[in-house]
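Predicted model, plus sequence, below.
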Amino acid sequence: MREVWNFSAGPAQIPYEVLQKAQEEFLSYDNSGMSIVEISHRSSAFIKVMEETERKLRSLLHISDDYGVLFLQGGASLQFAMIPMNLKKIGKAAYINTGNWSVKAAEEAERVGMQVDVIASSDDKNFNYIPAWPTDFSGYDYVHITSNNTLEGTTFYEFPQTGDVPLVADMSSNILSEPLDVSQFGLIYAGAQKNLGIAGLTVVIIKKDLLKHQNQLPKMLDFNQHYEKESAYNTPPTFAIYILGLVLDWVAEQGGLERIAERNRTKAQLLYDYLDQSEMFQPTVFGKDRSIMNIPFITGDDALDKEFIQYCEQHKIATIKGHRLIGGMRASIYNAMPIEGVQALIDVMQAFEDLKGRGTN
């Protein structure tokens with residue numbers, strides 16, 4: 001049983017059953033007498049872990065054989081540079097700016113020589129909505145989006161139809177949160193430390209026709225090199241890949257992505273309903289673009305925010321503080337957060353409102 005509810009944006013709460021399984025197997029994986037962190041990445045035992053993990057991911061997301069799956073290091077932040085380096089043809093890319101991480105992605109693309117056109121942006125309203133985008137994407141090497149904005153609490157529920165131009169998506173904070181049509185994308189990338197497992201692993205799903213290019217790149221930065229070496233050009237993040245496999249088992253045991261999505265929507269609606277009627281707390285995002293993974297909220301008083309965060313810490317609600325660039329509070333309610341955890345947060349919020357004489361009930 002958990003001692004606290006962890007609302008961190010990442011590294012985030014892991015399914016309790018996954019932690020238990022990892023604990024049970026840690027000293028002797030598969031009766032080998034060796035820990036999973038001691039097994040060579042070239043061994044048949046670990047190659048099986050890699051193959052099974054990829055198979056499970058392909059099954060849950062219905063990834064066709066037209067795509068390669070890579071298990072890489074460096075976080076999603078390294079992909080900000082690797083993607084333009086690998087996908088560069090004419091040297092021009094389109095970015096839809098919806099917050100901090102898309103800003104950083106565009107900056108890195110420019111740093112490695114890509115001409116970046118910001119074709120739509122929501123910075124005029126502090127990134128509290130998803131902007132409309134144009135329909136003509138001709139002349140670009142790719143179009144980049146951040147599908148869920150971890151800091152700002154917005155998400156894409158529809159995606160640009162880019163035709164022959166590859167659509168690239170940073171899905172670090174919402175991958176596996178609901179069913180997904182992978183065929184809409186040329187490349188999907190995601191840091192693992194939110195819905196996929198622990199820090200140290202980045203998953204890249206890339207259409208195979210994007211692997212071939214004429215760019216002379218360092219081998220460690222070349223997608224094709226990693227694909228040809230089956231994500232083992234160098235030592236991969238073995239423990240993180242193992243944990244991903246356990247998380248994928250857990251998702252399947254929950255009923256797959258359809259059931260996961262249903263539960264995620266229920267959790268988010270529960271919290272939004274409370275925020276929308278609260279006299280003390282206000283959400284920062286309204287309307288159709290609200291994220292079901294990351295929900296920022298404020299009181300409108302920095303001192304009161306700080307007091308509430310301290311109150312949460314005293315009542316087993318952990319890491320509710322908002323990002324340093326945004327302030328306020330943020331509840332990250334990824335797959336591993338059960339409805340009971342969200343209800344516990346709401347109960348603490350209600351108790352704090354009552355304590356301050358501003359309760360709504």
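Cool, the structure landed. Numbering: from 1, shown residues only.

Which neighbouring elements make contact with the helix or strand hosting R259?
Using DSSP states H and E, R259 falls within helix 256-277. Of the remaining helices and strands, those touching helix 256-277 by 3 or more C-beta pairs under 8 Å, 6 or more residues apart in numbering; DSSP states H and E are helix 44-61, strand 282-283, strand 294-298, helix 339-355. Yep, even glycine has a C-beta here, placed from its N, CA and C like the rest.

mind redoing it with 6 Å?
In terms of contacts (3 or more C-beta pairs under 6 Å, 6 or more residues apart in numbering; DSSP states H and E), helix 256-277 is packed against helix 339-355.

Check which residues of the helix it packs on are buried.
Under the neighbour-count criterion of 16 or more other C-beta atoms under 10 Å, helix 339-355 has 341-342, 344-346, 348-350, 352-353 buried.

next one: stretch 184-194
Neighbour-count burial for stretch 184-194 [16+ other C-beta under 10 Å]: 185-194.

quick one, strands of the stretch 151-300 of the chain?
154-155, 167-170, 187-191, 202-207, 282-283, 294-298 (DSSP state E, counting those that start in this stretch).

Report the residue spans of this structure with pLDDT below the cut-off.
Applying pLDDT under 70 to the chain flags residues 1, 358-361.

Show me the domain layout of it.
5-15+255-355, 18-253 (automatic domain parsing).

measure the shortest one end to end?
Taking C-alpha to C-alpha, to the nearest Å, domain 5-15+255-355 runs 21 Å from one end to the other.

Output stretch 114-133 as CSV - backbone C-alpha positions only.
Extracted in CSV, the C-alpha atoms of stretch 114-133 (Å, rounded to 0.1, in the frame of the first residue of the first chain):
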residue,chain,number,x,y,z
MET,A,114,17.4,23.8,-39.5
GLN,A,115,15.4,26.7,-40.6
VAL,A,116,12.4,26.7,-38.3
ASP,A,117,9.0,28.2,-39.2
VAL,A,118,6.6,28.5,-36.3
ILE,A,119,3.4,28.0,-38.2
ALA,A,120,1.0,28.4,-35.2
SER,A,121,1.4,29.4,-31.6
SER,A,122,-0.6,29.9,-28.4
ASP,A,123,1.9,32.1,-26.6
ASP,A,124,-0.5,35.0,-26.9
LYS,A,125,-2.5,33.5,-24.1
ASN,A,126,0.2,31.9,-22.0
PHE,A,127,-0.2,28.6,-23.9
ASN,A,128,-3.6,27.8,-22.4
TYR,A,129,-5.0,26.5,-25.7
ILE,A,130,-4.0,24.6,-28.8
PRO,A,131,-3.9,27.0,-31.8
ALA,A,132,-5.3,26.4,-35.2
TRP,A,133,-2.7,25.4,-37.8
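
can you list contacts of it?
Stretch 114-133 is contacted by residues 84, 91-99, 106, 109-110, 134, 152, 154, 156, 160, 284-285, 289 when judged by C-beta atoms under 6 Å, 6 or more residues apart in numbering.
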